[in-house]
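> compute the structure for the input listed below.
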Amino acid sequence: MGREKRHVIIGAVAAGGSAAFKLKRLDPSLQVQVLEAGEHISYAACGLPYYISGVIPNYHSMVMRTREDFEKGAGIELYTSHRAREVDLERGEVRAEDLLSGSVISFPFDRLLLATGASPLVPPIEGIELEGVVTLRTLQQGLQIKEQLQMKDIQRVLIIGGGLIGLELAETFRVLGKDVLVLEKMPVLLPGVDAELSSLLEEELYKNGVSVQKEESLEAFQGDKEGRLQEVVSSKGTYSAELAVMALGIRPNSELAREAGLKLGEGGAVAVDRYLRTSVPHVFAAGDCAEAYHRVLERNTYLPLGTTANRQGRLAAENMHGQNMKLFSGVLGSAVAKVFDLSVARTGLSEEQAQEAGVSCDSVWVKTLDQAPYYPGSAHLNIKLTFHPSSGKLLGGQLVGREKAVKRVDVIAAALSAGMTVEELAELDTAYAPPFSEVWEGLVVAAGAAVGKREKYA
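Numbers count the residues shown, from 1 in each chain. Predicted structure coming up:
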């Protein structure tokens, strides 16, 4: 086989899977080998809370591509239960351990993609090894939690971390009839969402029987003589629990890159340029292990999201192929989550994030309706826009409202990508019918409020 034909990908979930299939579509003659430490591949991890609650009855429906799709469908060489142990840049090979046999296999490469993902943050504290202390990141972990709930008498669940995943899990366990407590060390829930809107989600949690303890740090877990979790100790108290879910965030799996001598960047993630090349040009990185260019900040940051992983994986494949190199357009941190009867969405910079980044900003917060007031079932929709006070350039937006009403966040994401000002957003020609919005669309109202605020202080 000629040079520049051997492509090795480490990771087979989001970025890695997307890259592998794109490479074979670009050139079916390429040798594409994919190494995956786990046994499960190409699954939608975002669906795990809903699988645990039973909303999604069969986890197989969350598997986007099967082994047969990889091997017979696309001609990709797939090696599951193979953990990459070393990247030898001088020899151009990856050494991986077959976790079933213990043997070590070398995979030569001309182009390499690191799509090693991320791991949950797990602090080195007392009792972390107890049965009943779990994390939720992989499909295997989701299956294990589901099994524990079915096999054991679990009534009290404590969720450590009040981010989007933590709040989704709070709903999951309440749906299952469990007593749920969320422990959060910060003064407010939901990093990346400003306090005004975060408080609305907190009210929704209380309304649905979820207890919340803020400004409390995890200190230890305590168990019984059989090694099963009994209590969670915080900086302010002790709580009984049979199950504790660590939802403290994630860290990039960048050890392979660091040990190979590749440069690391934001948050310890693998540093990449806009073409997703690492500090060694024929080695690429994508997904939760890598940095991503932020369109508003105009620099790299660490924003691990499934949508980003798939986009980066596909683009990395195009650039690995080596023809018509394309820049990664960037990310905005767009995210959405359901919390009981409310939903929350965000994109770009919140007011707090802008201030932390040293970006001059102002903001408006409006409460409108998601439908015409006379249409049955209309509900409140809260919108907050962040913008540059002198130029009026839009910096970000957040929404809290009922169900899919918050998907208006996609309009804000489009406006951010286009570099629009609040004046331009206020003139947007939006669609109207009573079941969908008021005559004056809420985003237009919020943008108008921002224009008015700018004019007032001009």
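
> neighbours of residue 75, just the number please.
Residue 75 sits with 13 neighbouring residues when counted by other C-beta atoms under 10 Å. C-beta coordinates here come from the backbone N, C-alpha and C atoms, glycine included.

> gap between it and residue 223?
49 Å (C-beta to C-beta, to the nearest Å).

> cool, residue 356 as well?
Distance from residue 356 to residue 223, counting by C-beta to C-beta: 38 Å.

> neighbour count for those two, which is higher?
Neighbour totals were compared for residue 356 and residue 223, and residue 223 leads with 17 against 10 (other C-beta under 10 Å).

> mind listing what the spatially closest residue to the more buried one that is not a sequence neighbour touches?
Distance criterion C-beta to C-beta, 6 or more residues apart in numbering; nearest residue to residue 223, sequence neighbours excluded, is residue 130 at 4.2 Å. Residue 130 is in contact with 221, 223, 227-229, counting by C-beta atoms under 8 Å, 6 or more residues apart in numbering.

> if I pick the closest residue to residue 26 other than its chain neighbours, what's in contact with it?
Computed as C-beta to C-beta, 6+ apart, the closest residue to residue 26 that is not its neighbour in sequence is residue 321, at 4.8 Å. For residue 321, the contacting residues are 23, 26-27, 30, by C-beta under 8 Å, 6+ apart.

> looking at these, which one is closest to residue 119?
Nearest to residue 119 among these is residue 23, at 26.0 Å by C-beta to C-beta.

> output the contacting helices and strands for the host helix or strand of residue 455.
Per DSSP states H and E: residue 455 is located in helix 442-456. Applying 3 or more C-beta pairs under 8 Å, 6 or more residues apart in numbering; DSSP states H and E, one finds that helix 442-456 contacts strand 362-369, strand 380-387, helix 422-426.

> residue 263 is nearest to which of those?
Shortest distance between residue 263 and the helices and strands packed on helix 442-456, using C-beta to C-beta, is found for strand 380-387: 31.7 Å.

> buried ones in the closest one?
Neighbour-count burial for strand 380-387 flags 381-387 (criterion: 16 or more other C-beta atoms under 10 Å).

> paired strands for it, with orientation please.
strand 362-369 (antiparallel), strand 394-401 (antiparallel) (DSSP bridges).

> out of those, nearest to residue 107?
strand 394-401 (42.2 Å).

> residues contacting whichever helix or strand comes after the closest one, please?
Sequence order places helix 409-417 as the next helix or strand after strand 394-401, per DSSP H and E. Identification of contacts with helix 409-417 by C-beta under 8 Å, 6+ apart yields 295-296, 329, 332, 334, 336, 345-348, 385, 394-399, 424-425, 428, 443.

> kindly report the same for stretch 389-397.
Here stretch 389-397 makes contact (C-beta under 8 Å, 6+ apart) with 296, 332, 346-350, 353-354, 359-362, 383-388, 409, 412, 415-416, 419-423, 425, 443, 446, 450-451, 454, 457.

> same thing with stretch 211-222?
123, 125-128, 130, 133, 160, 162, 179-189, 202, 205-206, 229-238, 244, 248.

> distance from that stretch to the middle of the chain?
Distance of stretch 211-222 from its chain centroid, counting by C-alpha atoms, centre = their mean, to the nearest Å, is 23 Å.

> what do you get for stretch 165-172?
Its chain's C-alpha centre and that of stretch 165-172 lie 14 Å apart, by C-alpha atoms, centre = their mean.

> same check on stretch 175-189?
Distance of stretch 175-189 from the chain centroid (C-alpha atoms, centre = their mean) equals 19 Å.

> measure the residue nearest the centre of the chain to residue 334 for me?
Geometric centre of the chain, nearest residue: residue 305, 3.1 Å, by C-alpha atoms, centre = their mean. To residue 334, residue 305 is 8 Å away according to C-beta to C-beta.

> and if you look at residue 285?
Residue 285 is 21 Å from residue 334, by C-beta to C-beta.

> more crowded one of those two?
Counted by other C-beta under 10 Å, residue 285 and residue 334 do not tie: residue 285 has more neighbours, with 30 against 20.

> that concludes my questions; thank you for your assistance.
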